[in-house]
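Engineer: pasting the structure only:
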């Protein structure tokens, strides 16, 4: 999900900022959000991208070892494997770093790779061209193990091709995003305003067309508001409240999950 793939380059010198420092991420995000002229040095940005890509390569190497171990034990073919991510990272594409501050594609367009058990009806490799969502993982797993999903379950099993016209939703209060194959509408409920992007012409989501494409804006806005009005808050059965201690709060703050 980073803007530049890792090419094995070893940095010759340390970047100006220590981006591994505990408070670097929350402090820097606060600075970037508070000052429209604030920025991050190119050297630090490149170093962060390189470190991020090294992490991706580390995970890739680890997955390779897991797959090889499954093959050696004769378990690989009959194993359901799903690889995905909860989010990507921003590296100043829209003036911020980290995650948790926006719904741009560098954050929500994550990998989703499924290997179904073989032999079976879905062994052949293929690419799903219609939009999918992470809520599709649960019904996909249930279908693969032969369990009927409950009624009203959100999501579609990935073993069956979805409609090309499917839309995908993402939420990060107070923002909600609606994404079609061609357009993306990001609405801020608190500000009662939004931004519209033509993903075909502008995959980097730079040019806001909300004022230039009112028909598209109003259509997507209506669909998004319908979604917002009908979604129900989740109910956790037998849930217990967790009281975060000081160490937990500091760790969550360092990761950017607590302001």
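Structural biologist: Done, it's in. This one's a predicted model, so the numbers in the text were calculated from it and none came from an experiment. Numbers count the residues shown, from 1 in each chain.

Engineer: residues in contact with stretch 16-29?
Structural biologist: By Cβ atoms under 8 Å, 6 or more residues apart in numbering, the list of residues contacting stretch 16-29 from outside reads 40-41, 43-44, 47-48, 51, 96-98, 101, 250, 253-256, 259. Every C-beta, even on glycine, is put in place using the N, C-alpha and C of the backbone.

Engineer: do the same with stretch 166-182
Structural biologist: Residues from elsewhere that reach stretch 166-182, judged by Cβ under 8 Å, 6+ apart: 100-103, 108, 130-133, 156, 164-165, 184-191, 198-200, 220, 223-224, 227-228.

Engineer: Please repeat the previous calculation with a cut-off of 7 Å.
Structural biologist: Counting by Cβ atoms under 7 Å, 6 or more residues apart in numbering, stretch 166-182 makes contact with 103, 108, 130-131, 133, 164, 184-190, 198-200, 220, 223-224, 227-228, all of which sit outside it.

Engineer: Out of the residues you listed, which end up buried?
Structural biologist: Neighbour counting with 16 or more other Cβ atoms under 10 Å marks 103, 108, 131, 133, 184, 185, 186, 187, 198, 199, 220, 224 as buried within the contacts of stretch 166-182.

Engineer: taking those one by one, which sit in helices?
Structural biologist: When DSSP state H defines the helices, the subset of the buried ones among the contacts of stretch 166-182 inside them is 108, 220, 224.

Engineer: Redo these as CSV? Include distance to residue 36 and pLDDT.
Structural biologist: Output for those, formatted as CSV (distance: Cβ to Cβ, whole Å; pLDDT from 0 to 100):
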residue, distance to residue 36, pLDDT
108, 24, 93
220, 27, 93
224, 27, 87
